[in-house]
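Chemist: Predicted model and sequence follow; I will ask about them next.
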Amino acid sequence: MLKINPMKTRFTDLDENRYRLPPDWTRRLLSPALIVDLPRVRSNLRRILALCGGDPGRWRPHIKTTKIPEVYAEMVRAGLRHFKCATVREAEILIEVVEREQAGGADLLFAYPLVGPALERLGRLADARPNVAFSVLCEDPAAVPEVPASVGVFVDLDPGMHRTGASLDSHDRIHGVAGAAGERFRGVHFYDGHIHGESADQRRSMAHAGYRRLMEILDALRSRVAVGEIVTSGTPAFRYALDFEPFAGLDGMMHRVSPGTVVFHDLRSEQELDDLDLTPAAVVFTRVVSHPGEDRVTVDAGSKSIAAEAGDPCAFAIGHPELEALTPSEEHLPFRVHGADRPLRGAELYLVPRHVCPTV
């Protein structure tokens, strides 16, 4: 006897009809395809801004998730002016949107280490756009002289991700970066993406412990240099940074959070975070292409079109809680069917990715 799919999320109650495209569109639409719903994007933007107390200045979203000029425009229209990005190409596209929207005061922080030609290209971009503030992360005083003169510097701290950044105990490196940057020193970057826990209270406790440690580092750093900004927290921890009281009363410093996934939302965030209340705004349109077994169907959204690095299940089929996504291969994504009829070949499905950022 088939068992009902045990995976339960708030997505189970999503109405597939509210995501369906008109038939005259889908007849001409190749699959797989990424479908972005701008009204839902606007709804998610409003939700995050409300959590920021209505102040767009508290949010520096990471635009590696969104990438699309039309979505950048929605973010700019919502009042956002401070952004994080990973590539010079992302920055170039965003600046074009900012200029088209006639929105001044853009400020871009590169949150991925640039070296070699990428750093040189950033220098040329910064020289050509003196009305835009550009900054990069730096973890070593020896790297500061490589940063173009028109680009600011944030010291990058490693609170536990162990990908980039200076150890929280490496006081000489932290102070050395600030000293080497001189007047170009902008602030401190503290990305605590490792924060996970079964409940919001557990996550908040872990996050706040890290922020107390950060405040100690800031107190020591500010005795030597001016610190203009602190950037913390992607999607897993940003709510707990916003309710960390010392961040709200900083004298002469601005604290900003930097979640990017929240603009589109995804399955991993829905499963791991029980206090976001967001709606999927980017889904993958796909079709059933095979019936390989009595309890199996395969769709054409494999790992070339939907991110698979975040584990299984890689997606949730809206309106079909009986479908359990299995491990994809390049062009194929098989589903196990639990206690229901298989969708017909050619049936159209709308998938919420587990990890929307690399899916985009």
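Modeler: That came through fine. Numbering: from 1, shown residues only.
Chemist: next one: stretch 118-131 to chain centre, how far?
Modeler: 24 Å (Cα atoms, centre = their mean, to the nearest Å).
Chemist: What of stretch 207-222?
Modeler: 24 Å.
Chemist: quick one: buried residues of that stretch?
Modeler: 207-208, 210-211, 214, 217-218, 221-222 (16 or more other Cβ atoms under 10 Å). (Each C-beta comes from the backbone N, C-alpha and C, glycine too.)
Chemist: now stretch 20-36
Modeler: Buried residues in stretch 20-36 (16+ other Cβ under 10 Å): 20, 31-32, 34-36.
Chemist: ditto for stretch 287-303
Modeler: Applying 16+ other Cβ under 10 Å to stretch 287-303 flags 287-289, 297-303 as buried.
Chemist: do stretch 68-87 as well
Modeler: Neighbour count says stretch 68-87 has 68, 71-76, 78, 80-87 buried, by 16+ other Cβ under 10 Å.
Chemist: So which of the residues you listed are in strands?
Modeler: 82-85 (DSSP state E).
Chemist: For stretch 43-54, give the mean pLDDT please.
Modeler: The average pLDDT for stretch 43-54 rounds to 97.
Chemist: can you point me to the longest strand in this structure?
Modeler: Max-length strand for the chain by DSSP E is strand 282-293.
Chemist: and that one, what does it pack onto?
Modeler: strand 33-36, strand 296-299, strand 348-353, helix 356-359 (3 or more Cβ pairs under 8 Å, 6 or more residues apart in numbering; DSSP states H and E).
Chemist: What residues sit buried inside the longest one?
Modeler: Of the residues in strand 348-353, 348-353 count as buried by neighbour count, 16+ other Cβ under 10 Å.
Chemist: Could you check the angle that strand makes with strand 282-293?
Modeler: 120 degrees (axes from the mean of the first three to the mean of the last three Cα atoms, to 10 degrees).
Chemist: Next, the contact list for residue 148, please.
Modeler: By Cβ atoms under 8 Å, 6 or more residues apart in numbering, residue 148 lies in contact with 119-120, 122-123, 126-127.
Chemist: circling back: now, among the buried residues of stretch 207-222, which is nearest to residue 228?
Modeler: residue 222 (10.6 Å; Cβ to Cβ).
Chemist: wait, what's in contact with residue 65?
Modeler: Contacts of residue 65 by Cβ under 8 Å, 6+ apart are 260-261, 263-264, 356-357, 360.
Chemist: what's the closest non-adjacent residue to it?
Modeler: Nearest residue to residue 65, sequence neighbours excluded (Cβ to Cβ, 6 or more residues apart in numbering): residue 260, at 3.9 Å.
Chemist: so how many other residues sit close to that neighbour?
Modeler: 24 (other Cβ atoms under 10 Å).
Chemist: and if you look at residue 332?
Modeler: So residue 332, with other Cβ under 10 Å, has 18 neighbours.
Chemist: Just the pLDDT at it, thanks.
Modeler: 98.
Chemist: mind checking how far it is from residue 304?
Modeler: 10 Å (Cβ to Cβ, to the nearest Å).
Chemist: likewise residue 152?
Modeler: In terms of Cβ to Cβ, residue 152 sits 38 Å off from residue 304.
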